[in-house]
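Colleague: please find the sequence and the predicted model below.
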Amino acid sequence: MTKHIFVTGGVVSSLGKGLTSASIGMLLENRGLSVRMQKLDPYINVDPGTMSPYQHGEVYVLDDGSETDLDLGHYERFTNSPLTRHSNYTTGQIYQSVINKERRGEFLGQTVQVIPHITNEIKQVLGKLAGEDVDVVITEIGGTVGDIESQPFLEAIRQYSLDVGKENCVYIHLTLVPYLKAAGELKTKPTQHSVGQLRQIGIQPDFLICRTERSLNHDERAKIALFCNVPVEAVIEEKDKDFSIYEVPVSLVENKLDELIVRRLGLPAKKLDLDHWHDLLHRLRNPKHEISIAVVGKYAEHHDAYKSIYESLDHAGIENLAQVRIQRIHSEAVEREGPERLLAGVDGILVPGGFGERGIEGKIEAVRFARERGIPYFGICLGMQCAVVEFARNVIGLAGANSTEFHKDTPHPVICLLDEQKTITDKGGTMRLGAQPAKLTPDSRVAEAYGREEISERHRHRYEFNNVYRQQFAANGMNVTGTSPDGSLVEIIEVPDHPWFVAVQFHPEFKSQPTRAHPLFAGFVAAAVARHGQRSEQPQEVDSP
Ligand code: GLN
């Protein structure tokens with residue numbers, strides 16, 4: 001019988017429920033259990049695919065092409081739980097499904113209501129990941145207890161334990177214990193109120209995870225336990241991590257949370273073996289190099305918009321024993337101020353994915369700067385398209401070359417829509433989405449990095465390299481080194497006559513883990529480390545234009 005863990009949050013948002021859920025998943029997997037992860041988001045959008053990265057951060061794409069919440073990125077970085085479209089549901093999807101059923105007459109004339117129809121739909125979703133081969137499903141409820149829109153989800157998880165048995169469900173509530181400077185003490189009242197609200201709905205949390213900047217002393221723990229109706233050992237401290245998010249699982253173990261959960265659920269679990277995780281933290285703490293990588297994007301000020309890219313750079317740093325200092329460069333600033341002032345001195349330049357024209361010319365300038373100065377360059381999706389446009393204009397001499405996304409009537413549409421995509425006008429679901437296989441050219445830099453010639457990577461884009469120009473690019477020194485298996489779609493380009501210039505049409509950042517850096521990120525960071533080493537030996541020569 002599959003057991004269920006529900007993770008809710010209270011007091012404030014952004015407490016790191018996603019990270020905490022992912023860490024719990026990682027610890028249970030490490031103890032030999034088979035885990036599935038799921039996030040339920042109370043907003044009404046059907047999926048985050050069309051939401052602004054300013055508001056919602058990056059859209060995380062799964063193998064099956066689902067466009068999901070970025071917390072699912074944490075799940076994949078921490079666990080091996082296979083994620084599918086059943087791993088992320090929103091209020092929008094729940095209502096859409098119920099309304100479709102109503103239109104088909106499936107409710108036989110009943111009045112359709114939040115309870116039981118919406119809550120039943122949610123409960124069905126909670127059961128979707130359970131199965132014979134699954135020991136535990138961890139379901140994170142987005143939002144904060146007390147939000148109007150979260151209520152049907154909380155009601156559904158309350159009912160769920162009546163359906164499957166109380167002994168099979170664990171409720172974990174993440175809360176904030178703030179430190180008040182004026183009083184000189186930690187305050188437990190917000191936690192008491194938050195748990196009070198949960199208990200009003202009928203949920204008694206089994207464990208409280210208290211986010212705090214200072215350690216809880218015995219009296220504070222005892223007070224929280226008493227007022228929130230849990231044993232003292234169930235009050236778990238999660239102190240702020242100023243060093244790395246990868247410390248979170250270790251701090252949960254220090255509080256014995258994994259032990260308490262398996263005992264509470266009666267799960268047959270192995271002993272923890274976190275050697276590889278401690279090794280990872282050791283590498284993070286003891287870098288041998290320090291490099292700076294510029295990420296040139298249009299959401300430079302918004303950390304979450306490129307979340308998986310930043311994480312992947314960190315993973316590559318761990319692998320290369322390098323501390324990666326990420327410089328977030330606004331592509332419009334490059335347009336205004338030129339690349340020299342903003343990019344001189346960096347060891348690598350990365351242009352990430354994106355949509356729309358704003359800042360495009362700044363990204364193209366950044367590519368030119370990297371190509372001409374021999375600075376390692378990594379282009380991802382739009383970053384590949386910019387590299388192709390830049391090469392067309394400045395090396396091949398195709399004046400005015402562009403992507404038809406930005407200039408419909410460009411004389412040289414080196415990036416364009418394929419015929420089958422031209423007829424699609426709806427937003428969402430119109431893109432090349434999800435995992436697709438690709439084959440690599442033997443002896444290319446990418447084949448060497450991957451150590452194989454067949455790969456599978458995730459996509460999220462509409463536009464493609466225009467094959468009409470392939471020969472011209474090759475003749476001028478930009479090679480296609482990865483394509484779809486039939487050779488028709490360009491997946492990767494490289495400039496062999498450059499220290500490291502690789503750009504890909506897919507999103508490798510969705511497949512990197514802290515203990516297993518993505519080979520292309522690892523290769524890019526290794527090239528940046530090498531450049532940094534050369535520069536410190538002969539700073540003048542390497543940098544002169
Ligand atoms: N806007 C480009 C396209 O649709 C690139 C998309 C991306 O970078 N994810 O093809």
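Modeller: Looks like it arrived, so ask away.
Colleague: when you work out contacts or count neighbours from here on, use the C-alpha atoms and nothing else.
Modeller: Noted.
Colleague: what residues are up against whatever residue of the stretch 1-150 of the chain ends up closest to the ligand?
Modeller: Going by C-alpha to the nearest ligand atom, the ligand is nearest to Val59 of the stretch 1-150 of the chain, at 9.6 Å. Contacts here follow C-alpha atoms under 8 Å, 6 or more residues apart in numbering; on that basis Val59 touches 48-49, 53, 67-70.
Colleague: where does confidence bottom out across those?
Modeller: Of all the contacts of Val59, Pro53 has the smallest pLDDT value, namely 72.
Colleague: and that residue, how far from Phe355?
Modeller: 11 Å (C-alpha to C-alpha, to the nearest Å).
Colleague: flag every buried residue along stretch 84-98.
Modeller: Residues of stretch 84-98 classed as buried by neighbour count (16 or more other C-alpha atoms under 10 Å): 84, 86-95, 98.
Colleague: same question, stretch 234-253
Modeller: Quick answer for stretch 234-253 (16+ other C-alpha under 10 Å): 234-240, 246-253.
Colleague: out of the residues you listed, who's nearest the ligand?
Modeller: Among the buried residues of stretch 234-253, and counting by C-alpha to the nearest ligand atom, the member closest to the ligand is Tyr246, at 27.1 Å.
Colleague: re the thing from before, tell me which of the contacts of Val59 fall in strands.
Modeller: 67-68 (DSSP state E).
Colleague: run through this protein and note the low-pLDDT ranges.
Modeller: For the chain, the stretches flagged by pLDDT under 70 are 420-429, 538-545.
Colleague: from Asp206, how far out is the residue of the stretch 1-150 of the chain closest to the ligand?
Modeller: Applying C-alpha to C-alpha to Val59 and Asp206 gives a distance of 32 Å.
Colleague: check Glu67 too.
Modeller: Applying C-alpha to C-alpha to Glu67 and Asp206 gives a distance of 32 Å.
Colleague: between these two, which one's more packed in?
Modeller: Glu67 (23 against 19; other C-alpha atoms under 10 Å).
Colleague: got the contact list for the more buried one?
Modeller: By C-alpha under 8 Å, 6+ apart, the contact set of Glu67 is 47-49, 59-61.
Colleague: for it, give the beta-bridge partners.
Modeller: Glu67 has these beta-bridge partners by DSSP bridges: Val61.
Colleague: for the contacts of Val59, give me CSV that also has distance to Ile172.
Modeller: CSV is the format used below for the contacts of Val59 (distance: C-alpha to C-alpha, whole Å):
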residue, distance to Ile172
Pro48, 25
Gly49, 29
Pro53, 29
Glu67, 27
Thr68, 23
Asp69, 20
Leu70, 21
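Colleague: out of the contacts of Val59, which end up buried?
Modeller: The buried subset of the contacts of Val59 (16+ other C-alpha under 10 Å) comprises 48-49, 53, 67-70.
Colleague: closest one of those to Ser444?
Modeller: Taking C-alpha to C-alpha as the measure, Ser444 lies nearest Glu67 of the buried ones among the contacts of Val59, at 31.3 Å.
Colleague: the closest one and Leu40: what is the separation?
Modeller: 14 Å.
Colleague: shared neighbours of Pro53 and Phe355, anything?
Modeller: Common neighbours of Pro53 and Phe355 (C-alpha under 8 Å, 6+ apart) do not exist.
Colleague: would you map the helices across the stretch 201-350 of the chain?
Modeller: 218-228, 248-254, 257-265, 275-285, 307-319, 331-337, 339-343 (DSSP state H, counting those that start in this stretch).
Colleague: so which of these is nearest the ligand?
Modeller: Closest among those, using C-alpha to the nearest ligand atom: helix 307-319, at 12.4 Å.
Colleague: hmm, who's touching stretch 156-174?
Modeller: 2-10, 15, 17, 119-120, 122-123, 195, 201-211, 261, 264-265.
Colleague: could you dump the helices of the stretch 201-350 of the chain to TSV with distance to the ligand?
Modeller: Output for the helices of the stretch 201-350 of the chain, formatted as TSV (distance: least, C-alpha to the nearest ligand atom, whole Å):
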stretch	distance to the ligand
helix 218-228	46
helix 248-254	30
helix 257-265	38
helix 275-285	29
helix 307-319	12
helix 331-337	14
helix 339-343	21
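Colleague: could you dump these into a markdown table and include distance to Glu405?
Modeller: Below are the helices of the stretch 201-350 of the chain laid out as a markdown table (distance: least, C-alpha to C-alpha, whole Å):
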| stretch | distance to Glu405 |
| --- | --- |
| helix 218-228 | 55 |
| helix 248-254 | 42 |
| helix 257-265 | 50 |
| helix 275-285 | 40 |
| helix 307-319 | 23 |
| helix 331-337 | 17 |
| helix 339-343 | 24 |
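Colleague: can you pull the residues of this structure lying near the ligand?
Modeller: Residues of the chain lying close to the ligand (C-alpha under 6 Å from any ligand atom) are 353-355, 381-382, 460-463.
Colleague: ranges for the helices of the stretch 401-545 of the chain?
Modeller: 419-422, 445-450, 470-476, 519-537, 539-543.
Colleague: out of the ones you listed, which is the most enclosed?
Modeller: Compared across the helices of the stretch 401-545 of the chain, helix 519-537 shows the largest average neighbour count, a mean of 21 (mean count of other C-alpha atoms under 10 Å).
Colleague: what's it packed up against?
Modeller: Contacts defined by 3 or more C-alpha pairs under 8 Å, 6 or more residues apart in numbering; DSSP states H and E place helix 519-537 against strand 289-297, helix 307-319, strand 348-351, helix 445-450, helix 539-543.
Colleague: can you say which of these is packed in most?
Modeller: Highest mean neighbour count among the helices and strands packed on helix 519-537 (mean count of other C-alpha under 10 Å): strand 348-351, with a mean of 28.
Colleague: which helices and strands does the helix or strand just after it pack with?
Modeller: Counting by DSSP states H and E, the next helix or strand C-terminal to strand 348-351 is helix 360-373. Under the contact definition 3+ C-alpha pairs under 8 Å, 6+ apart, helix 360-373 sits against strand 289-297, helix 331-337, helix 339-343, strand 348-351, strand 377-380, helix 382-391.
Colleague: hmm, 7 Å instead?
Modeller: helix 331-337, helix 339-343, helix 382-391 (3 or more C-alpha pairs under 7 Å, 6 or more residues apart in numbering; DSSP states H and E).
Colleague: turn these into TSV, columns for mean neighbour count.
Modeller: Written out in TSV, the entries for the helices and strands packed on helix 360-373 read as follows (neighbours: other C-alpha atoms under 10 Å):
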stretch	mean neighbour count
helix 331-337	18
helix 339-343	16
helix 382-391	27
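Colleague: out of the residues of the chain next to the ligand, which are buried?
Modeller: Applying 16+ other C-alpha under 10 Å to those flags 353-354, 381-382, 460-463 as buried.
Colleague: what sits against the residue in the stretch 201-350 of the chain positioned nearest to the ligand?
Modeller: Closest approach of the stretch 201-350 of the chain to the ligand (C-alpha to the nearest ligand atom) occurs at Gly297, with a separation of 10.6 Å. Gly297 is in contact with 329-331, 351-352, counting by C-alpha atoms under 7 Å, 6 or more residues apart in numbering.
Colleague: and of those, the nearest to Lys511?
Modeller: Pro352 (15.0 Å).
Colleague: could I get the contacting residues of that closest one?
Modeller: By C-alpha under 7 Å, 6+ apart, Pro352 lies in contact with 297, 379-383.
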